[in-house]
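> Provided below are the primary sequence and the corresponding predicted coordinates.
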Amino acid sequence: MAVDAPLHPKYPNLFRPLDLGFTRLKNRALMGSMHTGLEEVDGGYERLAAYFAERARGGVGMMITGGISPNEEGGMGSEMSTPEHAEAHRVVTEAVHKVDPDIKICMQILHAGPLAETPTLVAPSAVRSRLSPLVPNELDEAGVQKQIDDHVQCAKMAQLAGYDGVEIIGSAGYLLSTFLVEKTNQREDQWGGSYHNRMRFPLEIMRRCRAAVGDNFILIFRIAAMDMLQGGMSWDEVVLLAKAMETAGATIISTHFTWHESAVPTIATMVPRAAFTGVTGRLRKELSIPCITSNRINMPDVAEKVLADGDADIVSMARPMLADAELVKKAFEGREDEINTCIGCNQACLDHGFEGKEVSCLVNPRACHETILNYQPSSSPKEIAVVGAGPAGLAYATVAAERGHSVTLYDANSEIGGQFNLAKKVPGKEEFYETLRYFSRMLEVNKVNVRLNTTVCASDLDEAGYQHIVVATGIIPRVPDIEGIDHAKVVSYIDVILGRVSVGKRVAVMGAGGIGFDVSEFITHKGVSAALDKQVFAREWGVDFDNHPRGGVTGVTPQVEAADREVFLLQRKTTPVGRSLGKTTGWTHRMSLAKRGVQMINGVDYKKIDDQGLHIVVAGQPQLLAVDTVIICAGQLPDRHLFDQVGDLGIDASLVGGAFEATELDAKAAIKQASFLAAAI
Ligand code: FAD
Ligand code: NAP
Ligand code: SF4
């Protein structure tokens with residue numbers, strides 16, 4: 001450890017270098033591995049180079065690439081096995097080292113094993129993952145040896161490409177981890193049976209990689225320190241493996257907290273910040289090599305506390321550096337209030353990754369688009385009015401002002417944020433406050449003239465003589481045409497979330513989109529939000545952090561304290577309720593509501609609402625839901641009143657966000673569209 005380095009006054013641990021013997025990390029901030037999808041697109045490596053270089057300029061100490069397969073069976077689409085592959089990666093490693101030769105970039109070796117989407121998929125035993133339709137091919141002895149050889153070759157080629165090291169993933173349900181667990185390893189040869197035998201495959205890979213790359217190359221092993229599987233790894237097995245990895249040549253142990261199959265959310269926004277770092281802390285005490293911790297560490301004060309508590313040597317902030325490439329630099333310079341915080345939504349990163357789309361970030365559409373979306377100074381600055389301070393208006397105003405335009409931002413409300421002011425009140429969505437804090441500060445930094453409590457009409461804009469008008473007036477909730485819709489028991493989601501109406505004991509929520517789910521969560525919640533309290537989170541999701549039974553969850557029954565209310569969440573479609581929710585988070589919302597006793601009904605035909613309740617037909621059967629409240633969450637329509645007015649006056653204006661298109665609208669679409677438009681004016 002470099003004892004002579006001056007301590008940062010606020011973040012002495014985060015900015016303390018770490019001595020690895022043959023090299024050192026300039027600080028303790030790591031950008032963990034994330035699949036970007038760029039490896040597979042034309043010109044992808046140049047885009048990756050710009051993406052990583054921007055994070056290097058942002059002050060991070062070490063970065064890990066998205067997963068690259070050692071062979072075709074590994075199933076990641078991009079492979080590192082030949083000098084030609086290594087050559088393609090050089091543009092990435094050179095771009096990073098050009099920014100600062102002290103910044104490390106390591107490549108992740110990811111063999112997906114039974115999760116690979118290829119007919120050649122392999123695994124220790126022919127056990128299908130519940131997440132895959134494919135049964136893997138069981139490896140024979142020669143096959144096992146080939147997989148080990150391919151990992152070694154992959155590490156050598158990564159070294160040739162100029163990487164400072166590799167991370168070998170041994171968690172998540174990918175190949176190496178399936179050797180470790182009895183359920184997926186049913187072999188009776190030297191690679192199966194006892195735990196000693198089951199560890200052999202990952203250990204052999206580490207040992208032979210070390211022998212092949214020499215002493216001066218970083219080798220990180222990613223371990224499932226708590227795999228969240230019923231009957232998963234015991235704590236003793238985790239410790240045994242980590243210690244054996246140390247002996248086999250690992251430089252660093254990186255802790256991971258899941259298999260993709262697990263039924264506990266570990267990175268979604270409903271997970272408390274730094275919920276799992278205590279597990280890393282326990283493991284760290286058993287080892288003499290450094291440990292990386294991760295998961296929902298999204299601000300520098302959280303990272304500093306984790307390090308100060310002795311829970312880790314290095315803190316991984318992966319998605320937070322998609323959200324803000326300059327997170328580390330801003331912390332160093334005391335500009336924390338300018339950090340664009342990752343809200344843990346997964347909407348543009350993980351969801352896109354799993355859907356095979358290019359990854360980006362909801363709050364920062366420049367992420368992975370560094371060569372495409374740039375905010376250059378304008379050559380002809382204009383006077384611009386932006387009406388509506390929801391996500392679309394905020395993104396437009398801040399980007400246009402950053403580029404040198406003179407921007408006035410209006411909103412009828414007393415605070416900025418639009419619908420984010422509703423979202424932030426939903427238990428589990430507390431991170432949305434951070435986005436509003438960020439935009440609030442950016443309006444100041446970029447000197448936007450903010451006029452709140454101001455409902456704008458076209459004549460106001462006409463008189464002011466702006467050179468360009470942007471209408472970001474959002475949406476109007478849809479009111480379905482159903483008999484009795486004017487009944488006193490019918491209320492809107494807005495009034496419910498803002499507490500303007502009281503909600504009864506028996507409730508029908510009409511519409512099961514994102515808002516219907518959020519409203520159901522809101523009205524069934526009781527006590528402290530799990531996102532704010534690790535003990536509540538552990539209780540609700542059945543995790544035992546203290547005793548660490550197998551997988552952290554074996555034998556632990558989730559316990560949820562719900563509000564005393566009977567809730568029916570309804571939709572007309574016959575598809576499963578919640579199908580439209582995010583790919584990587586939808587299941588957490590469905591499970592959360594199920595634990596609260598919410599009854600989800602699809603294929604509903606709404607007939608009428610009267611004093612008795614809501615009359616519906618399901619599968620041809622008339623039913624009466626004897627509810628005292630009906631909350632309408634039936635989608636949204638664009639609010640174009642102002643746009644039509646300015647059009648009538650012959651004033652040219654642009655539409656952004658919900659005012660432009662309410663179908664498929666979310667904050668991701670609103671911020672992205674507004675940012676692209678503001679970058680172009
Ligand atoms: P809005 O946010 O609706 O903002 C429009 C603004 O214009 C308002 O502030 C309004 O006061 C102002 N305005 C209108 N007319 C005038 C006028 N004449 N003069 C002055 N001001 C005017 N999206 C996600 O991506 N992820 C989520 O997890 C998510 N959760 C949500 C949870 C809830 C409970 C809700 C309600 C929405 C959620 N959304 C989520 C949706 C997201 O908030 C919206 O898609 C987004 O806010 C749309 O942005 P916008 O700027 O177009 O409109
Ligand atoms: P939505 O996702 O489009 O859902 C609207 C719901 O209303 C659907 O269940 C729809 O299903 C129903 N509906 C539509 N027309 C109806 C009608 N005439 N009568 C009765 N029911 C009708 O919209 P939303 O829930 O209002 O959310 C708005 C936007 O915010 C969405 O884009 C959403 O993605 C975003 N959001 C996202 C999240 C998130 O966590 N990512 C959370 C909240 C909101 P049926 O037609 O089958 O009944
Ligand atoms: Fe974080 Fe959401 Fe951005 Fe992903 S899309 S990096 S979860 S803010």
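Nice, thanks for sending it over. Ligands and ions are numbered 1, 2, ... in the order given.
> okay, CA-based contacts and neighbour counts for the rest of this
OK.
> ok, which residues in the protein are in contact with ligand 1?
387-393, 410-413, 417-420, 422-423, 454-457, 472-475, 515, 518, 642, 657-659, 665-668, 670 (CA under 6 Å from any ligand atom).
> Is it possible to mark the buried ones in the residues you listed?
Buried members of those, scored by 16 or more other CA atoms under 10 Å, are 387-393, 410-412, 417-418, 420, 422-423, 456, 472-475, 515, 518, 642, 657-659, 665-668, 670.
> on that earlier part again, looking at the residues of the chain next to ligand 1, which are in strands?
387, 410, 475 (DSSP state E).
> Adding pLDDT, write these out as a markdown table.
Formatted as a markdown table, these follow (pLDDT from 0 to 100):
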| residue | pLDDT |
| --- | --- |
| 387 | 98 |
| 410 | 98 |
| 475 | 97 |
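> what about the closest residue to ligand 2 within the stretch 251-400 of the chain, distance to residue 399?
Using CA to the nearest ligand atom, the closest approach of the stretch 251-400 of the chain to ligand 2 is made by residue 347 at 6.7 Å. Counting by CA to CA, to the nearest Å, the gap from residue 347 to residue 399 is 21 Å.
> Those two: which has the busier surroundings?
Between residue 347 and residue 399, counted using other CA atoms under 10 Å, residue 399 has the larger neighbour count: 26 against 23.
> Is the more buried one within a helix or a strand, and which one?
helix 391-402 (DSSP states H and E).
> What is that helix packed up against?
On a contact count with 3 or more CA pairs under 8 Å, 6 or more residues apart in numbering; DSSP states H and E, helix 391-402 meets strand 383-387, strand 406-410, helix 432-445, helix 667-680.
> at 6 Å what do you get?
If you count contacts as 3 or more CA pairs under 6 Å, 6 or more residues apart in numbering; DSSP states H and E, helix 391-402 packs onto helix 667-680.
> residues contacting the closest residue to residue 72 other than its chain neighbours?
With sequence-adjacent residues excluded and distances taken as CA to CA, 6 or more residues apart in numbering, residue 72 is closest to residue 79, at 7.0 Å. With contact taken as CA atoms under 6 Å, 6 or more residues apart in numbering, residue 79 is in contact with 68-71.
> Smallest distance to ligand 3 belongs to which residue of the stretch 101-250 of the chain?
Counting by CA to the nearest ligand atom, the stretch 101-250 of the chain gets nearest ligand 3 through residue 172, at 18.4 Å.
> okay but that residue is in contact with residue 259, surely?
Yes - Residue 172 is within contact range of residue 259, at 3.5 Å (criterion: CA atoms under 6 Å).
> all strands of the stretch 1-150 of the chain, in order?
Ranges of strands in the stretch 1-150 of the chain, per DSSP state E, counting those that start in this stretch, are 18-19, 24-25, 29-31, 62-68, 104-109, 122-123, 137-138.
> So for residue 340, which of those strands sits nearest?
strand 29-31 (15.4 Å; CA to CA).
> Paired strands for the closest one, with orientation please.
Note on strand 29-31: by DSSP bridges, its sheet partners are strand 62-68 (parallel), strand 314-316 (parallel).
> Of the ones you listed, which stretch is the most buried?
Ranked by mean neighbour count under mean count of other CA atoms under 10 Å, the strands paired with strand 29-31 are led by strand 314-316, which reaches a mean of 27.
> What average pLDDT does that one get?
Regarding strand 314-316, the rounded mean pLDDT is 98.
> can you list contacts of it?
28-32, 292-294.
> Output those residues in TSV; the columns should cover neighbour count and distance to residue 646.
Below are the contacts of strand 314-316 laid out as TSV (neighbours: other CA atoms under 10 Å; distance: CA to CA, whole Å):
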residue	neighbour count	distance to residue 646
28	24	53
29	29	49
30	25	49
31	25	46
32	25	48
292	26	55
293	31	53
294	28	50
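> Please tabulate those residues in CSV, including the columns pLDDT.
Listed next are the contacts of strand 314-316 as CSV, based on pLDDT from 0 to 100:
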residue, pLDDT
28, 98
29, 98
30, 98
31, 98
32, 98
292, 98
293, 98
294, 97
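> who's in contact with the residue nearest to residue 468 when sequence neighbours are not counted?
Nearest residue to residue 468 in three dimensions, chain neighbours excluded: residue 384, at 4.8 Å (CA to CA, 6+ apart). Contact criterion CA under 6 Å, 6+ apart gives 407, 466-469 as the residues in contact with residue 384.
> same check, this time on residue 121
Residues in contact with residue 121 (CA under 6 Å, 6+ apart) are 73, 136.
> circling back: pull the residues that contact the helix holding residue 399.
Residues external to helix 391-402 that are found in contact with it (CA under 6 Å, 6+ apart): 407, 443, 446, 472, 657, 670-671, 674-675, 678.
> which one among these gets closest to ligand 3?
For the contacts of helix 391-402, the closest approach to ligand 3 (CA to the nearest ligand atom) belongs to residue 671, at 11.4 Å.
> Which pLDDT value belongs to that closest one?
pLDDT, residue 671: 98.
> Leaving out sequence neighbours, find the closest residue to it.
Of all residues not flanking residue 671 in the chain, residue 392 sits nearest, at 5.0 Å (CA to CA, 6+ apart).
> Please report the distance of that neighbour from residue 361.
For residue 392, the distance to residue 361 equals 15 Å [CA to CA].
> And the helices in the stretch 501-650 of the chain?
Ranges of helices within the stretch 501-650 of the chain are 514-524, 534-541, 586-595, 641-648, based on DSSP state H, counting those that start in this stretch.
> all helices of the stretch 151-300 of the chain, in order?
Under DSSP H, counting those that start in this stretch, the stretch 151-300 of the chain gives helices at 175-180, 195-213, 235-248, 277-284, 300-308.
> Nearest approach to residue 576 belongs to which of those helices?
Among these, helix 175-180 comes nearest to residue 576, with 30.8 Å by CA to CA.
> per-residue confidence averaged over that closest one?
98.
> which other residues reach that helix?
By CA under 6 Å, 6+ apart, the surrounding residues in contact with helix 175-180 are 111-113, 124, 170-171, 184-185, 198-199, 202.
> Flag every buried residue along that helix.
175-180.
> What's the end-to-end length of stretch 565-584?
Stretch 565-584 has an end-to-end distance of 28 Å (CA to CA).
> what about that stretch and ligand 2, touching?
Yes - on the criterion CA under 6 Å from any ligand atom, stretch 565-584 is in touch with ligand 2 at 571-573.
> Which positions in that stretch come out as buried?
For stretch 565-584, by 16+ other CA under 10 Å, it's 565-572, 577-578, 581-584.
> Redo those residues as JSON lines? Include distance to residue 553 and pLDDT.
Output for these, formatted as JSON lines (distance: CA to CA, whole Å; pLDDT from 0 to 100):
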{"residue": "565", "distance to residue 553": "29", "pLDDT": "97"}
{"residue": "566", "distance to residue 553": "29", "pLDDT": "98"}
{"residue": "567", "distance to residue 553": "28", "pLDDT": "98"}
{"residue": "568", "distance to residue 553": "30", "pLDDT": "98"}
{"residue": "569", "distance to residue 553": "29", "pLDDT": "98"}
{"residue": "570", "distance to residue 553": "32", "pLDDT": "98"}
{"residue": "571", "distance to residue 553": "33", "pLDDT": "98"}
{"residue": "572", "distance to residue 553": "36", "pLDDT": "98"}
{"residue": "577", "distance to residue 553": "27", "pLDDT": "96"}
{"residue": "578", "distance to residue 553": "25", "pLDDT": "93"}
{"residue": "581", "distance to residue 553": "26", "pLDDT": "93"}
{"residue": "582", "distance to residue 553": "25", "pLDDT": "91"}
{"residue": "583", "distance to residue 553": "23", "pLDDT": "88"}
{"residue": "584", "distance to residue 553": "20", "pLDDT": "91"}
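> Right, I'll leave it there.
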